[in-house]
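Undergrad: coordinates for the following, if possible.
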Amino acid sequence: MGTKSLIVIVTYNSQDFIENCLRSITGQNYKEWFLVVIDNGSSDNSAAKIREFRNMSSEITGGNFKLITLKKNIGFSRAVNYAVFNFISGKKKSLEEELGFLILLNPDIYLNRNALQKLISTFRIIEGQNLPPVRIGAAGGLILDYKKDAIQHLGGKIKDNFITSHIDFGKSYFDLKQEFRQEKDRGNELNSANDVKDVDYVTGAFFATEFKLFKSIGGFDSGYRPAYFEELDYCLKIRRSGWRVVVNPKSIARHFEGASVEKFSRNFYRYYHKNRVRCAIINLGFLNLLKKFFPSELNWLRNKVTSDQIFPIFYAYFINFVFLPYNLIIKLKNHLILNKLELK
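TA: Coordinates of the predicted model:
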């Protein structure tokens with residue numbers, strides 16, 4: 001395909017999954033990549049598993065792979081930024097000129113054989129169509145459960161209070177394929193511009209964006225630590241600048257959701273709600289906070305919140321009140337960056 005991509009995987013106690021993830025990358029029919037794995041202070045054998053696979057694989061060489069081991073967990077967004085701004089823009093400056101895309105994969109992702117080729121081709125689908133000059137800024141694929149043919153993610157939606165949901169979550173992959181066949185029978189070929197779906201955001205578990213766009217916007221906001229909402233924040237910013245965020249259902253991966261932080265655990269809710277409120281403060285104007293976020297939040301608290309979320313939610317309110325001046329500075333900084341960002 002010609003265009004090189006930087007693939008970044010951030011591992012944290014990922015020894016049970018990382019080998020399968022790496023095997024699925026080396027088995028891709030798309031080979032134009034440089035892979036950086038950042039181990040975020042794992043206490044298990046993740047780094048050893050990675051080195052073992054590197055030494056055994058003929059597809060991984062000194063010219064297309066780098067393992068970076070950190071002494072402590074610096075969070076997902078900071079780790080990705082380190083790979084882009086410190087390693088690539090510092091030690092691998094010559095490689096940077098060749099990079100067209102940044103691809104992020106969770107260590108518990110397993111790619112179908114043509115997943116990366118399909119994901120990268122998403123950005124070219126629009127270029128070949130007679131459409132308004134609105135380019136794709138970020139793209140994701142269809143994510144299935146690690147073991148079952150059930151959909152985990154086909155793009156994401158956000159409510160007025162920034163509660164997120166995955167499109168078609170739990171839907172049978174068989175049913176989705178039936179819909180594809182019906183579209184084909186009606187003469188609509190999948191993987192055309194009409195079949196790339198616009199979404200609010202795509203998950204960082206299986207994510208691609210233009211490398212130069214990622215750099216020009218300053219990468220991920222490292223304030224979303226240790227994880228959650230950094231990719232949503234990024235998608236909101238580039239959409240405000242006129243870029244599209246889409247999902248391509250032909251690019252398929254499997255995902256063991258919550259391998260690093262158990263989903264719906266106390267820690268999950270603590271990180272999720274802290275970063276959810278922060279994301280709303282940074283990305284919504286004052287009027288939208290009053291007219292949309294607060295009424296939606298009150299309605300959600302009255303009718304849908306579960307008891308195990310009460311403490312994490314009030315922790316989120318407290319910590320964001322304490323850091324409100326800092327978050328308002330970030331909001332202003334984003335405004336200045338987006339004003340300079342031009343759609344080329």
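
Undergrad: tell me which other helices or strands the longest strand along the chain touches.
TA: Determined from DSSP state E, the single longest strand within the chain is strand 244-255. Packed against strand 244-255, as judged by 3 or more C-beta pairs under 8 Å, 6 or more residues apart in numbering; DSSP states H and E, are the following elements: strand 109-111, helix 115-125, strand 136-145, strand 197-198, strand 206-210, helix 230-240. For every residue, glycine as well, the C-beta is placed using N, CA and C.

Undergrad: where does the stretch 101-250 of the chain have low pLDDT?
TA: Counting by pLDDT under 70, the stretch 101-250 of the chain contains low-confidence residues at 125-134, 183-194.

Undergrad: ok, the residue minimising distance to the centre of the chain - contacts?
TA: With distances taken as C-alpha atoms, centre = their mean, G204 lies nearest the centre of the chain, 1.5 Å away. By C-beta atoms under 8 Å, 6 or more residues apart in numbering, the residues touching G204 are 76, 104, 106, 230-231.

Undergrad: again, only using 7 Å
TA: When contacts are counted by C-beta atoms under 7 Å, 6 or more residues apart in numbering, G204 is found next to 76, 104, 230-231.

Undergrad: sheet partners, orientation included, of the longest strand of the chain?
TA: Each strand that strand 244-255 pairs with, and the sense of that pairing, follows from DSSP bridges: strand 109-111 (antiparallel), strand 136-145 (parallel), strand 197-198 (antiparallel).

Undergrad: could you dump that strand to PDB, C-alpha only?
TA: Output in PDB follows, covering the C-alpha atoms of strand 244-255 (Å, rounded to 0.1, in the frame of the first residue of the first chain):
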ATOM      1  CA  ARG A 244     -14.900  13.200  10.100                       C
ATOM      2  CA  VAL A 245     -14.800  10.400  12.700                       C
ATOM      3  CA  VAL A 246     -15.900   7.100  11.200                       C
ATOM      4  CA  VAL A 247     -16.100   3.400  11.600                       C
ATOM      5  CA  ASN A 248     -15.400   0.800   8.900                       C
ATOM      6  CA  PRO A 249     -17.300  -2.500   9.500                       C
ATOM      7  CA  LYS A 250     -15.000  -4.400   7.100                       C
ATOM      8  CA  SER A 251     -12.000  -3.900   9.400                       C
ATOM      9  CA  ILE A 252     -12.500  -6.500  12.100                       C
ATOM     10  CA  ALA A 253     -10.800  -7.300  15.400                       C
ATOM     11  CA  ARG A 254     -11.600  -9.200  18.500                       C
ATOM     12  CA  HIS A 255     -11.200  -7.700  22.000                       C
END
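
Undergrad: mind giving me the PyMOL select for the contacts of G204, buried ones only?
TA: Buried members of the contacts of G204, identified by 16 or more other C-beta atoms under 10 Å, are gathered into one PyMOL selection as follows:
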select buried, resi 76+104+230+231
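
Undergrad: TSV please, covering the contacts of G204 and showing distance to I281.
TA: Putting these into TSV (distance: C-beta to C-beta, whole Å) gives the following:
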residue	distance to I281
F76	20
L104	25
E230	15
E231	18
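
Undergrad: nearest to Y272, out of the contacts of G204: which one, please.
TA: Closest approach to Y272 among the contacts of G204 (C-beta to C-beta): E230, at 12.2 Å.

Undergrad: picking up where we left off before, ok, which of the helices and strands packed on strand 244-255 comes nearest E297?
TA: Using C-beta to C-beta as the measure, helix 230-240 is the one of these that comes nearest E297, at 16.7 Å.

Undergrad: now the closest one: buried residues?
TA: Of the residues in helix 230-240, those buried (16+ other C-beta under 10 Å) are 230-239.

Undergrad: quick one: that helix to chain centroid distance?
TA: The gap between the average C-alpha position of helix 230-240 and the chain average comes to 10 Å, counting by C-alpha atoms, centre = their mean, to the nearest Å.

Undergrad: name the element I7 belongs to?
TA: I7 belongs to strand 4-11 when assigned by DSSP states H and E.

Undergrad: may I have the strands that pair with that strand, each with its orientation?
TA: Looking at strand 4-11 with DSSP bridges, its partner strands are strand 33-40 (parallel), strand 99-105 (parallel).

Undergrad: please save the CA atoms from the shortest one in PDB.
TA: In PDB, the C-alpha atoms belonging to strand 99-105 read as follows (Å, rounded to 0.1, in the frame of the first residue of the first chain):
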ATOM      1  CA  LEU A  99       4.600   8.000   8.500                       C
ATOM      2  CA  GLY A 100       1.100   8.600   7.200                       C
ATOM      3  CA  PHE A 101      -0.900   7.100  10.000                       C
ATOM      4  CA  LEU A 102      -0.900   6.400  13.700                       C
ATOM      5  CA  ILE A 103      -2.600   3.200  14.800                       C
ATOM      6  CA  LEU A 104      -3.400   2.300  18.400                       C
ATOM      7  CA  LEU A 105      -4.100  -1.200  19.500                       C
END
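
Undergrad: contact partners of that strand?
TA: Contacts of strand 99-105 with the rest of the structure, by C-beta under 7 Å, 6+ apart, involve 3-9, 21, 80, 84, 116, 120, 204, 206-211, 214.

Undergrad: re the thing from before, quick one: the strands paired with strand 244-255 as JSON lines, columns for distance to I282 too.
TA: Compiled in JSON lines, the strands paired with strand 244-255 are given as follows (distance: least, C-beta to C-beta, whole Å):
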{"stretch": "strand 109-111", "distance to I282": "28"}
{"stretch": "strand 136-145", "distance to I282": "18"}
{"stretch": "strand 197-198", "distance to I282": "22"}
